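Q: coords please:
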Amino acid sequence: MRGRTTRMRGRGRRYRRALPRAAALAGGLGFAALAVAAAPYPKLPPRANAVWVYDQSGTGNHHVDPGRWVDALNAYNREAGTGHRISMIYSYAGDLEMYCQEAGNGAPACPDPGDLVVTYRPHGAAHRSAAAYREGIDTGGGQPVMVAPVIDGSIRGHYRGSLRGFDRLSPAQAGRFADKVARRVCADPDADGIQFDIEPFRVDHRNGQYWFYMRIARDFSGASGRFGCVDSRHPDGRFFSIFTTAHSIRPGSASARNVAAILHAHHNGYLVDALYDLGSAAPGHQTSLAAYRRQVRAEARNMHGWAARLDIPYQYAIPAAAGYHEFQTCRGPGCRLSPGGPSQLDYVRAALAAIRAQPASARFRGVALWTWERRVGRGRMHFGPSHPDRKVLGWLAGHL
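A: Numbers count the residues shown, from 1 in each chain. Modelled structure (predicted):
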């Protein structure tokens with residue numbers, strides 16, 4: 001998801017109403033599947049194979065078709081063996097936006113409650129998507145279905161509503177922003193947690209991001225006694241994940257110490273390590289298979305070893321569909337294909353080989369698949385496949 005932040009930009013651009021499909025999708029499932037989905041969850045953070053899903057139609061965010069990918073995911077789960085099925089859904093839900101003025105010291109001034117915006121709404125399309133996947137996904141009677149809506153934001157963005165200045169928020173400002181998120185999320189019974197994609201992730205000092213995530217950990221745990229994050233369905237509260245790379249936990253760094261502080265505060269968070277878009281080439285430049293193997297081995301090895309030093313949980317994200325560098329097809333200006341043209345399955349096999357090369361660890365929380373959506377693009381470039389093809393799914397059914 002790196003580089004794919006902020007699907008909804010600017011105040012007033014919200015999801016349009018989309019008719020719910022939850023009842024229809026759940027109708028074909030037996031009572032057993034529904035009972036599993038409603039059961040309490042184990043201690044956090046959970047262990048599960050996950051997938052990102054985007055229910056938006058076309059290239060914009062104005063129409064949402066809740067549960068668009070339910071049938072495709074169920075078809076995969078029916079084919080997949082035990083341990084290879086998908087039970088965690090990262091469904092896109094909205095973004096964080098800032099409309100603050102710059103104070104004299106360069107820090108943002110956000111006196112109006114409306115200056116800090118959370119577009120996630122528990123009774124909007126994001127909720128209908130979450131409900132559709134919770135009620136519609138069948139894991140074969142195994143793990144319960146968990147839904148962690150995605151909230152993103154771009155700190156380096158130059159558009160109105162971007163998170164420029166987010167890192168300079170004071171502890172009080174960052175806390176208020178986190179409280180807004182917790183209030184919205186915990187009002188949604190189908191949100192078990194949140195997958196945060198606020199980029200770039202940077203906590204090399206105790207900045208706005210640090211204070212934001214510290215408050216999220218507290219709020220989601222129920223320790224604040226506010227927002228109803230602990231309930232009968234979520235007796236341990238809600239969880240959260242942070243999208244990043246191993247660089248953020250490099251041994252001896254201030255960033256590593258701060259990440260550990262965030263994740264140890266209430267033991268309800270984990271890292272999602274991106275095993276794609278690892279190189280420094282411009283988007284559209286396809287990574288050769290040999291280069292990708294080197295990059296992914298180093299990234300997986302670092303995350304495993306460095307997470308062990310800090311005793312923090314993590315999940316790996318792999319390019320089951322196209323990213324900006326690991327793709328099968330590319331159309332548009334800026335596309336540069338690698339000699340030999342690796343397939344998406346080549347990248348998937350290399351990623352899982354790098355993961356399997358690491359010793360077993362209780363900190364490992366599963367694999368997340370990027371992505372199921374209608375279009376993967378940047379500017380005038382279109383990358384494919386936009387969701388895993390049959391070859392990838394057939395192979396993952398026995399190897400995920």
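Q: Ser129: neighbouring residues, count only.
A: Residues near Ser129, counting by other Cβ atoms under 10 Å, number 32. To be clear about C-beta, it is placed using only N, CA and C from the backbone, and glycine gets the same treatment.
Q: let me see the contact set for it.
A: Residues counted as contacts of Ser129 (Cβ atoms under 8 Å, 6 or more residues apart in numbering) are 53, 55, 64, 66-67, 91-93, 149.
Q: now do it against Arg78, distance only.
A: Going from Ser129 to Arg78 by Cβ to Cβ, to the nearest Å gives 22 Å.
Q: show the pLDDT at the residue nearest to Gly83 when sequence neighbours are not counted.
A: Excluding its sequence neighbours, the residue lying closest to Gly83 (Cβ to Cβ, 6 or more residues apart in numbering) is Leu400, at 7.9 Å. Note for Leu400: predicted pLDDT of 95.
Q: surely Leu400 is in contact with Ser87?
A: No: using Cβ atoms under 8 Å, Leu400 is not in contact with Ser87, being 11.3 Å away.
Q: the more surrounded of those two?
A: Regarding Leu400 and Ser87, a neighbour count based on other Cβ under 10 Å identifies Ser87 as having more, with 25 against 21.
Q: what about the nearest residue to that one once chain neighbours are set aside, neighbour count?
A: What sits nearest to Ser87 in space, not counting adjacent residues and going by Cβ to Cβ, 6+ apart, is Gln143, at 4.2 Å. Applying the criterion other Cβ under 10 Å, we find 20 residues in the vicinity of Gln143.
Q: does Gln143 count as helix, strand or coil?
A: For Gln143, the secondary-structure state derived from DSSP: H, G, I helix; E, B strand; the rest coil is coil.
Q: which phi and psi does it have?
A: When read as degrees, to the nearest 10, the backbone of Gln143 gives phi -70, psi 150.
Q: how about Gln315?
A: Per degrees, to the nearest 10, the residue geometry at Gln315, taken as phi and psi, is phi -130, psi 150.
Q: what's opposite it in the beta bridge?
A: On DSSP bridges, the residues paired with Gln315 through beta bridges are Val272.
Q: ok, now which ones touch it?
A: Per Cβ under 8 Å, 6+ apart, neighbours of Gln315: 50, 241, 270-273, 364-368.
Q: out of those, who's nearest His205?
A: Leu271 (18.7 Å; Cβ to Cβ).
Q: show me what contacts that closest one?
A: Contact criterion Cβ under 8 Å, 6+ apart gives 241-242, 244, 248-249, 259, 263, 303, 307, 312-315 as the residues in contact with Leu271.
Q: number of nearby residues for the residue nearest to Ala107 when sequence neighbours are not counted?
A: Nearest residue to Ala107, sequence neighbours excluded (Cβ to Cβ, 6+ apart): Arg168, at 4.6 Å. A count of nearby residues for Arg168, using other Cβ under 10 Å, gives 17.
Q: just Ile355 next, same as before
A: 19.
Q: that one and Ala300, how far apart?
A: When distance is defined by Cβ to Cβ, Ile355 is 5 Å away from Ala300.
Q: name the residues contacting each of those two.
A: By the contact definition Cβ under 8 Å, 6+ apart, Ile355 and Ala300 are jointly contacted by 275, 316.
Q: and stretch 260-279, average pLDDT?
A: If you average the pLDDT values across stretch 260-279, you get 96.
Q: quote the end-to-end distance of that stretch.
A: From the first residue to the last, stretch 260-279 extends over 26 Å; the measure is Cα to Cα, to the nearest Å.
Q: next one: stretch 365-381
A: Between the opening and closing residues of stretch 365-381 we find a distance of 33 Å, counting by Cα to Cα.
Q: before we move on, what about stretch 120-139?
A: Stretch 120-139: ends 27 Å apart by Cα to Cα.
Q: next one: stretch 238-249
A: End-to-end distance of stretch 238-249 (Cα to Cα): 23 Å.
Q: for that stretch, buried residues please.
A: Judged by neighbour count (16 or more other Cβ atoms under 10 Å), stretch 238-249 contains these buried residues: 238-249.
Q: now the two most distant members of those.
A: The span of the buried residues of stretch 238-249, defined through Cβ to Cβ, is set by Arg238 and His247 at 27.0 Å.
Q: where do the contact lists of Leu400 and Ser87 overlap?
A: When contacts are counted by Cβ under 8 Å, 6+ apart, Leu400 and Ser87 have Asn49 as shared neighbours.
Q: hmm, who's touching the host helix or strand of Ala290?
A: Taking DSSP states H and E as the criterion, the element that holds Ala290 is helix 289-310. For helix 289-310, the surrounding residues in contact (Cβ under 8 Å, 6+ apart) are 245-246, 249-251, 256, 259-260, 263, 271, 273, 275, 278-279, 287, 313-314, 316, 326, 338, 340, 342, 346-347, 350-351, 353-355, 357-359, 361, 363-364.
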